[in-house]
Every structure is written in C-alpha cells, then in structure tokens.
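Enquirer: Next come a sequence and a model predicted from it.
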Amino acid sequence: MPEAQYIAVMTTTDSEERARHLATTAVEARLAACAQIDGPVTSVYRWQGEVRSDTEWRVLYKTTADRYRELEARIQDEHTYETPEIVATPVTAGSDAYLAWLRAETRVSRG
C-alpha cells in the first residue's frame, strides 16, 4: 500500500486553554489545515509504575504527511507533558474538495 499523503494527528493535554493554544499555533504556522478540540475526556493510563486517571482535552489535527515532522516538533516544544501523546493516523480517502483545501492551507509559502 502506498504511503498516505494526508494524516490526522492526535494529542491530549490537561486544559481547554492549552488545547486551544496547541491548535491555534499549529494552524497559524500552516502545520495543520485545521485542528478540532474535544473534551473533557477521561484518560486512564500507566505512568511511572502507577495507574492514573486524569481529565484531558484532545486535539485532532488534519494535515499532510510532509508536514508531520514539523507538527510533531511544534507539539513537543509547546507541550507541558514530559511525554505527550502524538499519534498519526493515515487518511486513506477524502473528498477531492476537502483534500485540495487541506493541501492549500498547509502549503509553505516561498515568498
């Protein structure tokens, strides 16, 4: 199967304000065409040998595969977690109009 040209990237964070910041700065930098925030969600996970439960907000970015590394670096730089969740899922199909918009909004201007 050929490598995906489009991806959805997910992260979680500890507040709606932090989620809005992560989403906005990525879209402003054209690292994602859009970012959706949902929450609060309850996360149950193991960290440093103990099971924990926290309230989090999820950010789902829509972007192109060639913008992934920069988006990942931005999330890591701006995240407050020691090991933030950053997971990319391939988008295998989508409407032509939406994918054209996604490409245009993540294009790096060469000005």
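Expert: Received the coordinates, thanks.
Enquirer: Tell me where this protein has helices.
Expert: Secondary structure of the chain (DSSP state H): helices at 16-28, 68-78, 96-106.
Enquirer: just for this structure, where's the confidence low?
Expert: 1-2, 109-111 (pLDDT under 70).
Enquirer: can we see that at 80?
Expert: Scanning the chain with the threshold set as pLDDT under 80 gives 1-2, 108-111.
Enquirer: ok, back up a step: could I get the helices of the chain as JSON lines with distance to D54 and mean neighbour count?
Expert: In this view, the C-beta of every residue, glycine as well, is placed from N, C-alpha and C. Below are the helices of the chain laid out as JSON lines (distance: least, CB to CB, whole Å; neighbours: other CB atoms under 10 Å):
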{"stretch": "helix 16-28", "distance to D54": "13", "mean neighbour count": "17"}
{"stretch": "helix 68-78", "distance to D54": "18", "mean neighbour count": "16"}
{"stretch": "helix 96-106", "distance to D54": "31", "mean neighbour count": "14"}
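Enquirer: To M10, which of those helices lies closest?
Expert: Comparison of the helices of the chain against M10 by CB to CB identifies helix 68-78 as nearest, at 10.0 Å.
Enquirer: other SSEs contacting that closest one?
Expert: strand 6-13, helix 16-28 (3 or more CB pairs under 8 Å, 6 or more residues apart in numbering; DSSP states H and E).
Enquirer: wait, which of those is closest to V51?
Expert: That would be strand 6-13 among the helices and strands packed on helix 68-78, by CB to CB, at 16.7 Å.
Enquirer: returning to that earlier point: to W57, which of the helices of the chain lies closest?
Expert: Of all those, helix 16-28 comes closest under CB to CB, at 3.9 Å.
Enquirer: elements contacting the closest one?
Expert: strand 6-13, strand 34-47, strand 50-64, helix 68-78.
Enquirer: neighbouring contacts of it?
Expert: 11, 13, 32-37, 39-40, 57-59, 61, 71, 74-75, 78-80, 105 (CB atoms under 8 Å, 6 or more residues apart in numbering).
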